[in-house]
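1. Sequence below, structure please.
(one chain, ligands or ions: 1)
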Amino acid sequence: MTAKYEVRGPVAVITLDNPPVNGLGFETRKAAAEGVERAQNDAAVKAIVIAGAGKAFSGGADIREFGSPKALAEPNLHSLINLVESCDKPVVAALHTVVMGGGLELALGCHYRVVMPGTKVALPEVKLGLLPGGGGTQRLPRALGVEPALNMIVSGEPVNAELLAQVPGQKLFDRVIEGDLLEGALAFAAEIADARPLPKVRELKARHPEAEAFFQFARNTVSAMSKNFPAPLRCLESVAAAVNMKFEDGMKFEREGFTALMFTPESKALRHAFFAERAASKIPDVPETTPVRAINKIAVIGAGTMGGGISMNFLNAGIPVVILETQQEALERGVATIRKNYEAQVKKGKLKEDKYAQRMALLSTTLAYADLADADLVIEAVFEDIAVKEAVFKQLDAVMKPGAILASNTSTLDVDKIAAFTKRPQDVIGTHFFSPANVMKLLEVVRGKHTAKDVLATVMQLGKKIRKTCVVSGVCDGFIGNRMIEQYSRQAGFLLDEGCTPEQVDKAVEKFGFAMGPFRMGDLAGNDVGWYIRKRRYQEKPELRYSRTADLLCEQGRFGQKTGAGWYDYVPGKRDAMPSQLVVDMIAKHRAELGVAPRKISDEEIVQRLVYALVNEAAHILEEGIATRASDIDMVYLTGYGFPLWRGGPMCYADTVGLFNVVQSMKRFAKNPLDDAKFWQPAPLLARLVAEGKSFND
Ligand code: NAI
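-> A predicted model of the protein is given here:
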């Protein structure tokens, strides 16, 4: 049963009961509708209360039904709302904790609404590239007022019920109930049981004193803020329809908007990302019931760029951290950076002074390994040098208590090799944070050959606690993200050799929607990082072709923003990238030495070569089992590499373009003598999907 029915005196109580958040799935809608009919037919019942069991009134649509025929099966949400609204006995919604999406739309179909303080109310559909399709855009402006309703619908953000209850003239809530919600709702229902006519939100007027000017202003603001997303503007037009049209016409307009948005690539991408995020936390052979180890104290080795940022994540979550370094000065420098970061947040009003103090009180430092003995998890973030890692892990093995988890933040080294430095490889794992580690959402969790399942489960859970998007990666050079980005960078280099400037490449990629093109990115991260890696990699694999331009740049000491010059020039203290004639000349000279006549390269070719390089490498990664699913790779790129959200990640984008078309382009690139023909051979998985007419999502 997914909605309970009981009669309390003269009032029938229908309680939605579909954990975790009473999603309005088919069974729940059906049970609720049956409840309404039963109450209608019971002469002893004078009024009806609709309530929600457990942690919510209702979180809206049942996401487990998304895209399945069940989502539309009768009674669908519209039918249920109509049934409630046209009931000839008063229906009272008893709202608490979470009232979102279809849950709020159902409540708006009731004749009265009572609410518990602290309830979060939202119409979040816009976040999935949709608009509230159950009458939300028509009823909320009528009940709450045009401006606050528009804000809620266009932003999708939850608002506290108390705030909404204070909106002048609002008819959203009839009473705020401080004590027991059900008792309060029953008392309210008894009071209004005989009042007629029954109030209906659809009969209210949505008014604005200067509607036309207001909507024009809002249109300008919304289009500027949501350039690549069609949904917010469509939401706005639907709210405008609530003002300008009769209720039934507005409902029709809303429905058309909803259907149109459902088929946009942007909504598909957002829904894909929504499910990808949830899927990423699931590991096929590690059940969710796997017991986890208790993590009450963290140790971090190295107080550099990464060690400091990593520590902040745990301090923010209220978990004590001890940092170890070899030198007192390094510790002091590291702690000073952490302080500086927090102080900047305090200055911006994002962090309260007392919270800052609380966080710093959780931090301690040491030079002695013995002080780490009581930590439950240690994260190593020392220099990227296998000999240094070896020394550190041998010491950790000697001092850490049994069962402690030993993690490495290495970005390129072999986690299995690191595990082998210890006598407890089952307790060793990779935690690959992204810089700045206190800001970036992505955490690649690297599963070694011997990593125990409960270690993996523990780290995934801890990652969630520090609000990261965790994606599991197997062991390989660069893991998921950097292994792919290397192919992308290689293509960027070839493009310079063939005729592009760094600016042209960056602009094309930024127009596609990346937060930053490859060369501006290199300048930000430091070109020396890649230089160091290339020296090692191309020594190991001398047959791999790549453009020498990046090495030539580094040989001139142009490491990027930190040296005031890289692919671009920089004015001290500023981050604006200014095209550099010196670099353009350097590239031209190199081109001449290669005997290459520059050609004009289209933005389309630039984007395709960079993005399809990601896709082809990703297909190898999937086939090798380094990534569990294509959508995990999308999450890596959306949360760690600034891939445009409205395109859903590289795999989702390739599916949208069509894998057949992607492979056709690859075949064309393979014919370019200045490119790497071998690389452009479609990965076997990709070739197979094309042959079978399938997509990555299949
Ligand atoms: P960093 O050079 O800023 O910091 C390293 C710190 O480790 C220094 O403070 C140093 O004094 C300390 N250290 C060196 N040897 C030590 C030892 N034996 N015991 C204790 N402390 C020692 O380096 P960064 O950038 O923080 O990198 C650290 C690790 O994180 C590397 O493995 C790197 O590959 C990885 N990483 C770096 C990223 C980045 O963007 N910088 C991103 C992801 C991973």
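2. SS state for the residue of the stretch 401-550 of the chain found nearest the ligand?
-> Relative to the ligand, the nearest point of the stretch 401-550 of the chain is Ser435 (3.3 Å; Cβ to the nearest ligand atom). Every residue, glycine included, has its C-beta placed from N, CA and C. Assigned by DSSP: H, G, I helix; E, B strand; the rest coil, the conformation of Ser435 is coil.
3. Next one: it, what pLDDT does it get?
-> Per-residue pLDDT puts Ser435 at 91.
4. now the one 10 residues further on
-> As summarised for this prediction, Val445 has a pLDDT of 98.
5. is it true that it lies in a strand?
-> Yes. With three-state DSSP as the criterion, Val445 is part of a strand.
6. got a list of what it touches?
-> Neighbour list for Val445: Ile429, Gly430, Thr431, His432, Leu456, Val459, Met460, Gly463, Cys470, Val471, Val472, Ser473 [criterion: Cβ atoms under 8 Å, 6 or more residues apart in numbering].
7. distance of whichever residue of the stretch 251-400 of the chain sits closest to the ligand from Val382?
-> Residue nearest to the ligand within the stretch 251-400 of the chain: Gly304 (1.8 Å; Cβ to the nearest ligand atom). Plainly put, Gly304 is 8 Å away from Val382 if you go by Cβ to Cβ, to the nearest Å.
8. ok so, going back, tally of neighbours for the residue of the stretch 251-400 of the chain closest to the ligand?
-> Neighbour count of Gly304, defined by other Cβ atoms under 10 Å: 15.
9. isn't it right next to Gly334, touching?
-> Yes. Counting by Cβ atoms under 8 Å, Gly334 is a contact partner of Gly304 at 6.8 Å.
10. Name the helix or strand of the protein that has the lowest mean pLDDT.
-> helix 527-540 (a mean of 84; mean pLDDT, DSSP states H and E).
11. which SSE is Leu236 in?
-> Under the criterion of DSSP states H and E, Leu236 resides in helix 231-244.
12. Same question for that helix: list its buried residues.
-> 231-243 (16 or more other Cβ atoms under 10 Å).
13. Next: stretch 602-614.
-> Glu605, Ile606, Val607, Gln608, Arg609, Leu610, Val611, Tyr612, Ala613, Leu614.
14. you'd agree Ala407 is in a strand?
-> Yes. Counting by three-state DSSP, Ala407 is part of a strand.
15. How about it: which residues does it bridge to?
-> Taking DSSP bridges as the rule, Ala407 bridges to Ile379, Ile429.
16. Got the confidence number for it?
-> If you check Ala407, the pLDDT there is 98.
17. right, and it touches Phe433 too?
-> No. With contact defined as Cβ under 8 Å, Ala407 does not reach Phe433; the gap is 10.0 Å.
18. Which one of these two is surrounded by more residues?
-> Taking other Cβ under 10 Å, Ala407 and Phe433 do not tie; Ala407 has more neighbours (29 against 24).
19. May I have the residues that are in contact with the more buried one?
-> By Cβ under 8 Å, 6+ apart, the residues touching Ala407 are Leu377, Val378, Ile379, Glu380, Val428, Ile429, Gly430, Thr431, Val459.
20. would you list the buried residues of helix 231-244 in JSON lines and tack on pLDDT and distance to Leu363?
-> Compiled in JSON lines, these are given as follows (pLDDT from 0 to 100; distance: Cβ to Cβ, whole Å):
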{"residue": "Ala231", "pLDDT": "98", "distance to Leu363": "42"}
{"residue": "Pro232", "pLDDT": "98", "distance to Leu363": "41"}
{"residue": "Leu233", "pLDDT": "98", "distance to Leu363": "46"}
{"residue": "Arg234", "pLDDT": "98", "distance to Leu363": "47"}
{"residue": "Cys235", "pLDDT": "98", "distance to Leu363": "44"}
{"residue": "Leu236", "pLDDT": "98", "distance to Leu363": "46"}
{"residue": "Glu237", "pLDDT": "98", "distance to Leu363": "51"}
{"residue": "Ser238", "pLDDT": "98", "distance to Leu363": "50"}
{"residue": "Val239", "pLDDT": "98", "distance to Leu363": "48"}
{"residue": "Ala240", "pLDDT": "98", "distance to Leu363": "52"}
{"residue": "Ala241", "pLDDT": "98", "distance to Leu363": "54"}
{"residue": "Ala242", "pLDDT": "98", "distance to Leu363": "52"}
{"residue": "Val243", "pLDDT": "97", "distance to Leu363": "54"}
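21. Now flag whichever of those is closest to Met484.
-> Each of these was checked against Met484 using Cβ to Cβ; the closest is Ala231, at 29.1 Å.
22. Now do the contacts for the closest one.
-> Counted by Cβ under 8 Å, 6+ apart, Ala231 has contacts Glu125, Val126, Gly129, Leu130, Leu131, Leu261, Thr264, Glu266, Ser267.
23. Write the ChimeraX selection for whichever of the residues you listed are buried.
-> To isolate in ChimeraX the members of those that are buried, counting by 16+ other Cβ under 10 Å, one can use:
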select :125,126,129,130,131,261,264,266,267
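24. Name the residue of the stretch 51-200 of the chain that lies nearest to the ligand.
-> For the stretch 51-200 of the chain, Cβ to the nearest ligand atom, closest residue to the ligand: Lys127, 29.2 Å.
25. Can I take it that that residue is in a helix?
-> Yes. Counting by three-state DSSP, Lys127 falls inside a helix.
26. Make 878 the starting number, not 1.
-> Sure thing, new numbering starts at 878, so read that last one as Lys1004.
27. Enumerate every residue touching it.
-> If you count contacts by Cβ under 8 Å, 6+ apart, then Lys1004 has Gly1033, Leu1147, Phe1151 around it.
28. and those residues as TSV, adding pLDDT?
-> Below are the contacts of Lys1004 laid out as TSV (pLDDT from 0 to 100):
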residue	pLDDT
Gly1033	98
Leu1147	96
Phe1151	94
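29. Name only those of those that count as buried.
-> The neighbour count (16+ other Cβ under 10 Å) marks Gly1033, Leu1147 as buried among the contacts of Lys1004.
30. Closest to Glu1267 out of the contacts of Lys1004?
-> Phe1151 (42.2 Å).
31. For that closest one, grab phi and psi.
-> Phe1151 adopts backbone torsions of phi -60, psi -50, taken as degrees, to the nearest 10.
32. How about it, nearest residue that isn't a chain neighbour?
-> Once flanking residues are discounted, Phe1151 sits nearest to Leu1005: 6.0 Å by Cβ to Cβ, 6 or more residues apart in numbering.
33. what helix or strand does Lys1555 sit in?
-> Assigned by DSSP H and E, Lys1555 falls within no helix or strand.
34. Any idea how many residues pack against it?
-> 10.
35. got it, and Lys1466?
-> 11.
36. same deal with Ala1247?
-> Neighbours around Ala1247, by other Cβ under 10 Å: 8.
37. pLDDT score for it?
-> Ala1247 is assigned 96 on the pLDDT scale.
38. ok, it touching Ala1275?
-> No. Ala1247 is not in contact with Ala1275 according to Cβ under 8 Å; the separation is 9.7 Å.
39. re the thing from before, list the buried residues for the least confident helix or strand of the chain?
-> Neighbour count says helix 1404-1417 has Asn1404, Asp1405, Val1406, Gly1407, Trp1408, Ile1410, Arg1411, Arg1414 buried, by 16+ other Cβ under 10 Å.
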